[in-house]
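Chemist: Coordinates for the following, if possible.
(3 chains)
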Amino acid sequence: MPELPECEANRRRVEDGALNRTITGFSEGNVTHLDLPTPSERKRLEGRQFTEARRHGKLIFAGSATGPWISVHLGMTGWLDCVDGSFEPPNWGHFVICFEGDRRLVFHNRRKLGWMKVIDDPATYLDDTGVGPDAMEMGENAFVDMLGKSRGAIKAALMDQKKIAGIGNLYSDETLYQVGISPKAKGSDLDAATLKKVHSALCDVLDTLLAANDGGPVPKDWLRHRREAGAACGLCDGTIRKATVGGRTAFYCSEHQS
DNA sequence: CTCGGTGTTCGGAC
DNA sequence: CGTCCGAACACCGA
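Modeler: Below you'll find the predicted structure:
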């Protein structure tokens, strides 16, 4: 599920379903190799309430002014859900925070690449981990500066959570496709005007996807609908190609992405 | 049966 | 230090 827009949808579910209720306990299933709060961390949570849910990049936080907070990374296949009453525990890895009134916050994680930990405060935690600015908050100047200084492939820079937080494989491709830049282009080779266009395209992609969380449309000409080698480009006469960039599979149009 | 994936981390090389 | 590469993590579906 998880790049910035999907993480935001998960954050909102936490906000809508897991705030202002006292934590009464925990349950879990199939949790080998899943990184979850320790017993003492769970003890810190018990009896407390979350009053706020935040997101930074792909991280989701829930907590209160006095703490503690949970910090959740969904990995490749994780999601958060709130349910009422008893529920059928899934067979896959999951961790449940139980609240008063039979409400549960369920952290599903099939592939077990995600994690949840307990922290004192999100701001301090973000400082300590060195994660970059959230993609929705990063201004044009900072964005142009960051890419202008990065000597590697622009796709790799966009996916580097220490440079800009929240962008992954799909939406780095989508942005570069829409703005007509090769994923292999080096940021430091592009002029400021071009990098501003990349910034604008990224904002459009994220805005559209956030709106799609509320039922908004995703344009038919997006790369998203044609992520396979040999597909017809939605924007020109070209053909979609596949390559490895920044350690991930990139799809791009060999014709209009120079 | 094998491969690959909306993610990250680690070690090693340059 | 910045960057790149391959491998690893665990699971499921094509």
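
Chemist: can you list the residues of the stretch 51-200 of chain A near DNA strand B?
Modeler: Taking CB under 7 Å from any atom of the strand as the contact definition, the stretch 51-200 of chain A meets DNA strand B at A:57-58, A:73, A:75-77, A:111, A:113, A:159, A:161, A:168-170. For the C-beta atoms, the positions are set from N, CA and C on the backbone; glycine is no exception.

Chemist: Closest one of the residues you listed to DNA strand B?
Modeler: Taking CB to the nearest atom of the strand as the measure, DNA strand B lies nearest A:G168 of these, at 1.9 Å.

Chemist: Counting neighbours, what do you get for that closest one?
Modeler: Neighbourhood size, A:G168 [other CB atoms under 10 Å]: 19.

Chemist: what's the answer for A:H94, then?
Modeler: 21.

Chemist: ok, now how distant is it from DNA strand C?
Modeler: 11 Å (CB to the nearest atom of the strand, to the nearest Å).

Chemist: Roughly how far does that residue sit from A:A9?
Modeler: 18 Å (CB to CB, to the nearest Å).

Chemist: Over to A:L206. Which of the three states is it?
Modeler: helix (DSSP: H, G, I helix; E, B strand; the rest coil).

Chemist: so it makes contact with A:L4?
Modeler: Yes. Between A:L206 and A:L4 there is a contact at 6.1 Å, judged by CB atoms under 8 Å.

Chemist: The two: who's more crowded?
Modeler: A:L4 (25 against 21).

Chemist: quick one: contacts for that one?
Modeler: A:R55, A:G57, A:K58, A:D134, A:A135, A:M136, A:A165, A:G166, A:I167, A:Y171, A:L206, A:L209 (CB atoms under 8 Å, 6 or more residues apart in numbering).

Chemist: Leaving out the residues flanking it, which one is nearest to the second one?
Modeler: What it means is A:G57. In space, A:G57 comes closest to A:A165 once its chain neighbours are excluded; the distance is 2.5 Å by CB to CB, 6 or more residues apart in numbering.

Chemist: likewise the last one?
Modeler: Setting aside the residues directly before and after it, A:L209 is nearest to A:P5 in space (CB to CB, 6+ apart), at 3.7 Å.

Chemist: Could you report the distance from the one you found to A:L170?
Modeler: 10 Å.

Chemist: more neighbours, these two?
Modeler: A:P5 (22 against 18).

Chemist: where does that one fall, phi/psi-wise?
Modeler: Dihedral pair for A:P5: phi -60, psi -40, per degrees, to the nearest 10.

Chemist: That one contacts A:A211, correct?
Modeler: No. A:P5 is beyond contact range of A:A211, at 9.0 Å (criterion: CB under 8 Å).

Chemist: about what we covered before: looking at the contacts of A:L4, state which has the most neighbours.
Modeler: Neighbour-wise, the contacts of A:L4 (other CB under 10 Å) top out at A:G166, 29 neighbours.
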